[in-house]
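Peer 1: show me the folded form of this:
(one chain, ligands or ions: 1)
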Amino acid sequence: MEGVIDANTRDLLTRQQGFDWTVTEFVRVVDARLPPRVFYKHCPELATQGVTTPSRIPVHLQLLGSDPDALAANARQALRLGAISLDLNFGCPAKLVNRHDGGASLMRDPHRLAAAVAAVHQAVGEDIPVTAKIRLGFSHRRLALDCALAAEAAGARQLVVHARTRDEGYRPPAHWEWIGKIRQRLRIPVVANGDIFTLEDYWKARTLSDCTDVMLGRGALADPLLAPRLKHWQRTGERLPATTWAQRAQVLMEYAAMQRSILPAKVVVSLLKQWMNHMRARDEESAARFKALRRITDLDDFIAGLSADTPESGLPARHTALNARPQAIAAD
Ligand SMILES: Cc1cc2nc3c(=O)[nH]c(=O)nc-3n(C[C@H](O)[C@H](O)[C@H](O)COP(=O)(O)O)c2cc1C
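Peer 2: Residues are numbered from 1 along each chain as shown. Next up is the predicted model:
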């Protein structure tokens with residue numbers, strides 16, 4: 001996820017057994033062959049044996065673009081740098097990306113989508129799997145199946161389907177039943193994606209899409225133990241206990257420790273808030289912690305707040321006063 005899931009996050013999220021593979025943020029391909037540093041920035045794991053996270057979970061490099069020649073040139077570059085698999089993004093809804101003809105805009109034309117997949121597939125050969133990520137369409141779903149079939153015919157080895165059109169953005173509901181229509185017609189593995197935040201969501205998505213495998217995006221940030229929970233349930237039928245605040249805080253503190261060695265402290269605080277923002281939408285304790293910490297800009301104060309016994313108790317006095325002010329005004 002662009003701007004959200006970098007190599008450190010991939011490392012943290014794959015420490016517990018849950019994920020089978022991960023994917024990088026997209027490398028934006030326009031017309032030129034990009035220099036190696038761009039690939040290493042998005043995928044530092046290229047420098048490791050086998051291109052994996054430290055827990056040995058494979059990392060697939062994602063490209064986003066529409067020009068077949070440019071995609072092919074960058075696919076060859078990625079291959080030279082050691083990529084083990086390439087994923088093509090036809091799902092990005094961003095206006096800027098789509099205006100420049102990338103991401104979900106290719107869902108308007110199955111032939112162009114196929115040309116992109118075929119160019120990359122031919123550039124890297126049979127040994128390097130090329131996978132694709134699509135939405136159900138751009139502004140309607142009428143081409144969903146055509147695009148999926150086109151990707152398969154052009155050489156995609158696996159298809160992840162985010163169950164919404166581009167115009168639906170991230171608005172619920174996710175139309176998992178549409179993934180089922182695609183799944184019925186394709187021979188390659190189809191992976192369901194969109195709005196899987198709990199075991200119940202997984203069960204519904206699996207039932208409606210007939211896909212055993214799912215891709216987690218925001219759900220993995222909202223609950224960093226969601227993937228291990230799903231995996232455990234798949235294997236044993238048992239439900240693991242809900243993720244506690246202490247477990248979430250532990251992940252956030254490890255993240256802070258990793259990021260502060262490479263980024264300015266203020267940026268790390270913003271990243272922590274960004275991650276907590278995903279947690280607070282799905283968990284009451286995280287929401288209370290976020291509320292208590294949202295004005296803090298000092299990294300050490302923020303970390304102290306994460307490990308505090310209660311939302312307010314770990315805050316420096318000046319922040320406790322700040323957070324208390326609205327109540328005082330209301331009381332007046
Ligand atoms: C901030 C953000 C950044 C994203 N960046 C990417 C990306 O770089 N590549 C990609 O394939 N999908 C990206 N996505 C889409 C997610 O992979 C996923 O398809 C979408 O969020 C729906 O799944 P979810 O409900 O599990 O999050 C991004 C989503 C968000 C919210």
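Peer 1: looks like Ile84 contacts Gln49 (just checking).
Peer 2: No - assessed by CB atoms under 8 Å, Ile84 is found out of contact with Gln49, at 10.6 Å. All C-beta spots, glycine's among them, are computed from the backbone N, C-alpha and C.
Peer 1: so Arg294 sits against Leu272, correct?
Peer 2: No - the criterion here is CB under 8 Å, and Arg294 misses it with Leu272 at 10.6 Å.
Peer 1: out of the two, which sits in the busier spot?
Peer 2: Shown here are Arg294 and Leu272; by other CB atoms under 10 Å, Leu272 has more neighbours (23 against 15).
Peer 1: next one: phi and psi at the more buried one?
Peer 2: In terms of degrees, to the nearest 10, the main-chain angles of Leu272 are phi -60, psi -40.
Peer 1: pretty sure it is touching Leu252, no?
Peer 2: Yes - Leu272 lies in contact with Leu252 (CB under 8 Å); the separation is 5.9 Å.
Peer 1: any residues in contact with both of those two?
Peer 2: Applying CB atoms under 8 Å, 6 or more residues apart in numbering, one finds that Leu272 and Leu252 are jointly contacted by Leu306.
Peer 1: now do the helices in the stretch 1-150 of the chain.
Peer 2: Secondary structure of the stretch 1-150 of the chain (DSSP state H, counting those that start in this stretch): helices located at 7-13, 36-42, 68-80, 95-99, 110-124, 144-153.
Peer 1: what's Asn98 in contact with, if anything?
Peer 2: Taking CB under 8 Å, 6+ apart as the test, what Asn98 contacts is Cys92, Ala104, Ser105, Arg166.
Peer 1: ditto for Leu113
Peer 2: Counted by CB under 8 Å, 6+ apart, Leu113 has contacts Phe90, Leu106, Met107, Ala132, Ile134, Cys147, Ala150, Ala151, Ala154.
Peer 1: residue of the stretch 151-300 of the chain nearest the ligand, please.
Peer 2: Gly217 (2.7 Å; CB to the nearest ligand atom).
Peer 1: that residue reaches Asn193, doesn't it?
Peer 2: Yes - using CB under 8 Å, Gly217 makes contact with Asn193 at a distance of 6.9 Å.
Peer 1: which residues in the stretch 201-332 of the chain form strands?
Peer 2: 214-215 (DSSP state E, counting those that start in this stretch).
Peer 1: which parts of it sit against the ligand?
Peer 2: Listed as neighbours of the ligand in the stretch 201-332 of the chain under the rule CB under 6 Å from any ligand atom: Leu216, Gly217, Arg218, Gly219.
Peer 1: cross those residues against helices and list the overlap.
Peer 2: Arg218, Gly219 (DSSP state H).
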